[in-house]
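Undergrad: My questions concern the predicted model and sequence given below.
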Amino acid sequence: MKSHHDPESFVQCYEIIKEQLDKEQYNFIDQLSQICQTLIWGDKNNDNFFDYFCDQNTLQIYQQLAQTEQRDVVISVIKSITMLLQNISKPTSINYILSHPALQKIITQDYNFQDDEILAYYINFLKGVSIRIDKDNIQLFFNLKFSHFPMLMRAIQFYNNKENLIRTSVRNIVLGISQIKHQQLRRYLMNFPFVLFYIQFSCYMRNGLQSINDLINEQKNQFKIVKLLLDDQLDIIYFLEDFMKSNPDLIQVLTNSTLTYGFIPAILQFQQTSIKFLLYIMIQIYKSFTQKDFLDILTIILLGRNSNIKSFVENQNQASKLVTYTQNSSMSYQWEQQKQFIQIYSQYVFKNGVIDGQDIFASIQQYQAEDSQFPTQIKTKLDLNFFIQFINDKGMIEELKNISNVLQLDMVEIEFDESKCPSSLLKQFKSNNLGDIQTLKQPLIPQIFHTITQCLKDQDDTVMFLFLIFIKTIRHQKYISHEVLAHVGLITPDKNLELYQSPQCTEMREYIMDQLLFNLEVGSPPYRLGSFILMAQLFIDLSRQDLEKLYINEDFKQRLYQIIKNQVDKIYNYMNNLVDLGYIIDFFQNENKTVNKNTIGIWPIAHLNLLFDRTEPGKCQIDPKHNDSVYFLEPTNQQDKIRRDLLNLMILKYLGLLYLDYSEEQKVVIENPNILKPETSQWQPGQEYDVLQLKVWKYKCTLTWDKKYENCILIDDKTHLVIAEQIKDNLYKVLISVSIKITDEKIERLKLSQLHVSYNVKQQTILFDLDFPNKVVCEDVKKMIDKYKMEQKTQEEQIIRKYLKFIY
C-alpha cells in the first residue's frame with residue numbers, strides 16, 4: 001500500500017478530483033484531506049509537493065469548490081486551508097497562500113451560516129488567516145484606497161453569536177488585528193465605519209447585563225443560565241481591558257462607547273436594577289480594569305456628589321438609544337447598504353480630510369449616472385457634511401451625528417455637546433467645572449451612592465456584604481487617580497496623606513463608619529460572619545488618622561461599647577440553657593483563638609451565589625485556607641448559631657482592644673486565646689503505674705474494646721475516664737485515658753451492670769463497654785462521672801462569665 005506522502009498518490013488525488021468535477025460529482029473528501037496532510041508533511045520534508053500544489057492552482061480549485069452547495073465539500077475546503085495556515089512554516093509558502101486572489105474570494109464567499117458546523121469552521125478559518133497577518137502583508141487584506149477590510153468586517157458580524165467559542169474567536173481576531181502597527185490601520189480602527197463595532201459590542205454587553213438583571217429579579221431557578229451569561233460578561237470586560245491596553249489611541253473612543261451604550265443604560269436604572277447585581281458587576285469591573293481614564297469617569301459617575309452628574313447620567317441614557325442597532329443583526333451590515341457614502345467617506349478619512357479633486361472625481365463619477373444631483377466640481381477640501389447627502393435615511397443621519405457626539409469623533413461636522421460624552425466629564429472634573437459638591441447630609445446627586453446606602457437600612461446581609469467589598473475594592477484600586485479617589489472621599493493614607501486628611505475625605509469616612517455602626521447596633525437579623533469581618537476591616541481602615549494612628553470620636557466609642565455589651569448579653573442569655581452552655585464551653589476550648597488579626601485581614605470574594613439567595617446549609621466557620629464557606633454559609637442549627645454569634649463577639653472584642661480604654665488587667669485577660677486550658681491527665685495510655693502507691697480509688701471492671709480485658713480497673717479521676725489493665729499485683733498498664741468532656745456514658749438497659757461509653761476523635765467514633773460486678777457499682781460510677789462533669793462545667797462557666805465581664 002502506498003504512503004500518503006508518496007508523490008504518485010499525491011498526484012492521483014488531483015486526478016480523482018478533476019475526474020469527479022468533470023462528472024459534476026463530489027466524492028473526493030478523502031482526497032482533499034490527503035492533499036492537506038501531504039503538504040504539511042512536505043513543508044518539513046519535501047518542497048516538491050507544494051510546488052505541485054501551486055502548479056495546479058489548487059487555491060483556485062478551492063475557491064470553486066467553496067462556491068458549491070455541497071456542505072461536506074465546503075467544510076473540507078475551509079478545514080484544509082485552515083490546517084495549512086496553522087501548520088506550514090516556510091515564509092514563501094505562507095505568502096503564496098495569503099497573496100492568492102482566491103483566498104480573498106473564499107473569505108468573502110456567502111456560506112450557509114445557519115449551519116452551525118460551517119460557521120464554526122469558517123470562524124476558525126478567519127482566525128487562522130488573522131494570525132498570519134502582519135504589518136508587511138496587511139495590504140493583501142486591507143484595501144488602502146477604499147479603507148475596506150473585508151475579512152475583519154465579516155468576522156465582526158458574528159460578535160454576538162450564540163456559541164461562546166465563536167464569540168471568543170471573533171474577539172481574538174479583532175484583538176490580534178488591532179495590535180498591528182500600521183498607520184492607516186490605526187485611522188481605520190478609530191473611524192467610521194469600524195467604530196460601529198465598538199458601539200454594537202457595547203450594546204450587546206448592555207443587553208446581556210439587562211438580561212442577567214431581569215433573571216435575578218425574577219428569583220427563579222435560573223442560576224445556570226445567569227452563570228453562563230455572567231461568564232460572557234466577564235469575558236467582555238477582559239476583552240475590553242486587553243483591547244485598551246494594546247490600543248492606547250482608542251481608549252477615549254472605547255471608554256465613551258462602553259459607558260454610554262453599555263454600562264450606564266444597563267446598570268444605572270435604579271427602578272429596574274437589582275442593587276445586588278449593581279454592586280456585584282461593579283466589583284468585577286473595578287477588579288479587572290486598569291485603564292485610568294475609564295475608571296476615573298466611572299468612579300465620578302457612581303460616587304461623585306456634584307450637581308451636574310445627575311443631568312449627565314440622564315443625557316447618557318437618551319444618547320444610548322440607537323436606530324440602527326438590533327440584537328439580532330449587525331449595525332455594520334445595515335450601514336454597508338449605504339455603499340456610496342461608505343466608499344467616498346472612507347477615502348476622505350484616509351487622506352486625512354484633504355481630498356484631491358481629480359482623485360475623488362475619478363472614484364465617484366460612476367455614481368453620477370445614478371444621481372443627477374451629484375456635484376460635478378469638487379473642492380480641494382470638503383465640509384464633512386458634504387457626505388451626508390449620500391445617506392438615504394434621515395434617521396441614520398441623525399444617528400451618525402449622535403455617534404459623532406458621544407465618541408467625540410469628527411465623523412460629520414457638528415457642534416459638540418459635551419453633556420453627551422463621558423470623556424468630557426473627566427475634563428470638567430480636571431477644570432473644577434462639575435458643579436457644586438453636595439454634603440452627605442443632603443440627598444446625593446446623582447442618587448447612586450445614596451440609593452445604595454439607603455438599601456443598607458433594610459438590613460439585607462447580601463447587600464451589606466457586597467457594599468463592603470465594593471467600597472474596599474475601590475479604595476484599594478491602584479489605577480484610579482488619587483484626585484478622583486479624594487474627590488469621592490475614598491482615598492487611602494498610603495496613596496496621598498494630604499488628600500486623605502482633607503475635609504471632604506474625612507466627611508465621607510465618618511459617614512460610612514456611621515452606617516457601619518448603625519448596622520452593628522441593629523444586630524437583628526444577625527449578619528453572616530463574612531459581613532462582620534468586612535465591617536471590622538473597613539471600620540479599621542476608615543479610622544486611620546495616618547499610616548499608623550487609629551482614631552474614632554467619643555460618640556463612636558460609646559456606640560461601639562454598647563454594641564459589644566449587647567453582644568455579650570446575647571451570650572449570657574445562651575448560657576442560661578445547659579445545652580447552649582455546653583456549646584459555648586466547647587467553643588472557648590477549641591475555637592476562641594481562631595479569630596485574630598490574620599482572620600480580620602482576610603479579603604473575601606463576591607460569589608455568584610449571593611445574587612440568588614442560594615446560601616447552602618453548613619457551618620459558618622473560620623477557615624485559614626480562605627474557604628468561601630467562611631463568608632456565605634449560614635448556621636443550620638442552634639450550635640452553629642451560637643458559634644456564629646461567639647465568632648462575631650470575638651471580632652467585636654478585637655475592635656474593642658483597638659478603640660476602647662481597657663485597663664492593663666482587662667487586656668491581659670481579653671487577649672488570652674486559651675481561657676479554658678484543656679485539662680492534662682497524669683495517666684498516659686501505655687504507661688504502667690503502681691496504683692497502691694498512688695493511693696487512688698478504683699473500681700474493678702471488664703473492658704470490651706478491640707478485645708476483652710478481664711482484669712481491669714476504672715481509676716477515680718475528676719477530669720478523665722481512665723481504664724487500666726492489671727499486669728501484676730498493684731502494677732497496672734493504662735489502656736484508655738480520655739477527657740470526660742467528650743465522653744458519653746449510658747447504662748445498658750438489658751444489662752444494668754454494663755456501662756456503654758462513646759466519644760469522637762478526629763471524626764471517628766470510639767466505642768467500648770465496661771462491665772462491673774453488679775448494677776449498684778455501675779450506677780455509682782455513672783453518678784460519679786456525671787458529678788465530675790457538672791463540677792467541671794460550673795467551673796468553666798464561671799471562667800467564661802468573668803471573661804465576658806472583662807470585655808465590657
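TA: Perfect, I can see it now.

Undergrad: Grab the most central residue of the chain for me.
TA: By Cα atoms, centre = their mean, the mean C-alpha position of the chain lies nearest to Q284, the distance being 4.8 Å.

Undergrad: Okay, now the unreliable bits of the stretch 1-150 of the chain?
TA: Residues of the stretch 1-150 of the chain meeting the criterion pLDDT under 70: 1-4, 146.

Undergrad: can you pull out the strands in the chain?
TA: 688-690, 698-704, 708-715, 720-728, 731-739, 744-747, 754-761, 764-771 (DSSP state E).

Undergrad: So L655 is in contact with Y561, correct?
TA: No - using Cβ atoms under 8 Å, L655 makes no contact with Y561, being 10.3 Å away. Just so you know, the C-beta spots here come from the backbone N, C-alpha and C atoms, and that holds for glycine as well.

Undergrad: neighbour-wise, which of the two wins?
TA: Applying other Cβ atoms under 10 Å to L655 and Y561 shows that L655 carries more neighbours, namely 20 against 15.

Undergrad: Distance check, the more buried one against N573.
TA: 22 Å (Cβ to Cβ, to the nearest Å).

Undergrad: Find the nearest non-adjacent residue to F49, please.
TA: Leaving out its chain neighbours, the residue that sits closest to F49 by Cβ to Cβ, 6 or more residues apart in numbering is G42, at 3.3 Å.

Undergrad: list the contacts for the one you found?
TA: 5, 48-50 (Cβ atoms under 8 Å, 6 or more residues apart in numbering).

Undergrad: pLDDT below threshold where in the stretch 301-450 of the chain?
TA: 307, 323-324, 326-340, 342-387, 392-393, 412-413, 419, 433-450.

Undergrad: again, only using 50
TA: 353-382, 443-446 (pLDDT under 50).

Undergrad: What of the stretch 601-750 of the chain?
TA: Residues of the stretch 601-750 of the chain that meet the cut-off, pLDDT under 50, sit at 614-628, 630.

Undergrad: go again using 70 as the cut-off
TA: 601-634.

Undergrad: Helices of that one, start to end?
TA: For the stretch 601-750 of the chain, the helices defined by DSSP state H, counting those that start in this stretch cover 629-632, 638-659, 664-670, 691-694.

Undergrad: in the second one, what's buried?
TA: Neighbour counts over helix 638-659 (16 or more other Cβ atoms under 10 Å) mark 639-656, 659 as buried.

Undergrad: on that earlier part again, same list (the helices of the stretch 601-750 of the chain) but as JSON lines, adding distance to F518.
TA: Formatted as JSON lines, those follow (distance: least, Cβ to Cβ, whole Å):
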{"stretch": "helix 629-632", "distance to F518": "21"}
{"stretch": "helix 638-659", "distance to F518": "15"}
{"stretch": "helix 664-670", "distance to F518": "25"}
{"stretch": "helix 691-694", "distance to F518": "61"}
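
Undergrad: out of the ones you listed, nearest to I512?
TA: helix 638-659 (15.3 Å; Cβ to Cβ).

Undergrad: Can you spell out which helices and strands pack onto the closest one?
TA: Where contact means 3 or more Cβ pairs under 8 Å, 6 or more residues apart in numbering; DSSP states H and E, helix 638-659 is packed against helix 529-542, helix 554-575, helix 578-590, helix 597-600, helix 664-670, helix 775-807.

Undergrad: redo that, cut-off 10 Å
TA: On a contact count with 3 or more Cβ pairs under 10 Å, 6 or more residues apart in numbering; DSSP states H and E, helix 638-659 meets helix 503-522, helix 529-542, helix 554-575, helix 578-590, helix 597-600, helix 664-670, helix 775-807.

Undergrad: and K700, which of those helices is closest to it?
TA: Shortest distance between K700 and those, using Cβ to Cβ, is found for helix 775-807: 8.3 Å.

Undergrad: What are the buried residues along that closest one?
TA: 777-778, 781, 785, 788-789, 792, 796-797, 800, 803-804, 806-807.

Undergrad: what angle do it and helix 554-575 make?
TA: Calculated by axes from the mean of the first three to the mean of the last three Cα atoms, to 10 degrees, helix 775-807 forms an angle of 170 degrees with helix 554-575.

Undergrad: returning to that earlier point: pipe the contacts of G42 into a markdown table and attach distance to T290 and neighbour count per row.
TA: Below are the contacts of G42 laid out as a markdown table (distance: Cβ to Cβ, whole Å; neighbours: other Cβ atoms under 10 Å):
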| residue | distance to T290 | neighbour count |
| --- | --- | --- |
| H5 | 50 | 15 |
| N48 | 52 | 11 |
| F49 | 48 | 19 |
| F50 | 45 | 21 |
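
Undergrad: Give me the subset of these that lies in helices.
TA: Taking DSSP state H as the definition of helices, the contacts of G42 contribute 48-50.

Undergrad: out of the buried residues of helix 775-807, which one sits closest to K549?
TA: Once Cβ to Cβ is applied, the member of the buried residues of helix 775-807 that ends up nearest K549 is I807, at 23.8 Å.

Undergrad: now the helices: where do they sit in the stretch 101-250 of the chain?
TA: With helices called from DSSP H, counting those that start in this stretch, the stretch 101-250 of the chain shows them at 101-108, 116-132, 150-156, 164-178, 183-189, 195-218, 223-246.

Undergrad: and F416, which of the ones you listed is closest to it?
TA: Of all the helices of the stretch 101-250 of the chain, helix 195-218 comes closest under Cβ to Cβ, at 15.9 Å.

Undergrad: buried sites along the closest one?
TA: For helix 195-218, by 16+ other Cβ under 10 Å, it's 195-210, 212-213, 215-216.

Undergrad: Using a markdown table, lay out the buried residues of helix 775-807 together with pLDDT and distance to I81.
TA: Below are those laid out as a markdown table (pLDDT from 0 to 100; distance: Cβ to Cβ, whole Å):
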| residue | pLDDT | distance to I81 |
| --- | --- | --- |
| V777 | 94 | 93 |
| C778 | 95 | 89 |
| V781 | 94 | 88 |
| I785 | 93 | 84 |
| Y788 | 93 | 85 |
| K789 | 91 | 82 |
| Q792 | 89 | 82 |
| E796 | 89 | 79 |
| E797 | 90 | 81 |
| I800 | 89 | 77 |
| Y803 | 88 | 77 |
| L804 | 90 | 77 |
| F806 | 88 | 79 |
| I807 | 85 | 75 |
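
Undergrad: For S274, state which of those residues is nearest.
TA: Taking Cβ to Cβ as the measure, S274 sits nearest to I807 out of the buried residues of helix 775-807, at 38.7 Å.

Undergrad: The closest one touches L660, doesn't it?
TA: Yes - the criterion here is Cβ atoms under 10 Å, and I807 meets it with L660 at 9.4 Å.

Undergrad: Mind listing the shared neighbours of those two?
TA: 564, 653, 666 (Cβ atoms under 10 Å, 6 or more residues apart in numbering).

Undergrad: out of the buried residues of helix 775-807, who's nearest V253?
TA: I807 (58.0 Å).

Undergrad: Please report how far that closest one lies from Y659.
TA: Using Cβ to Cβ, one obtains 13 Å as the distance from I807 to Y659.

Undergrad: same question, R187
TA: 60 Å.

Undergrad: Then V738?
TA: Distance of V738 to Y659, given as Cβ to Cβ: 43 Å.

Undergrad: Give me the spatial nearest neighbour of E688, chain neighbours excluded.
TA: The nearest residue in space to E688 (Cβ to Cβ, 6+ apart) is K733, at 4.9 Å.

Undergrad: give the contact list for the one you found.
TA: Each residue near K733 by Cβ under 10 Å, 6+ apart is listed here: 685-689, 709, 712, 724-727.
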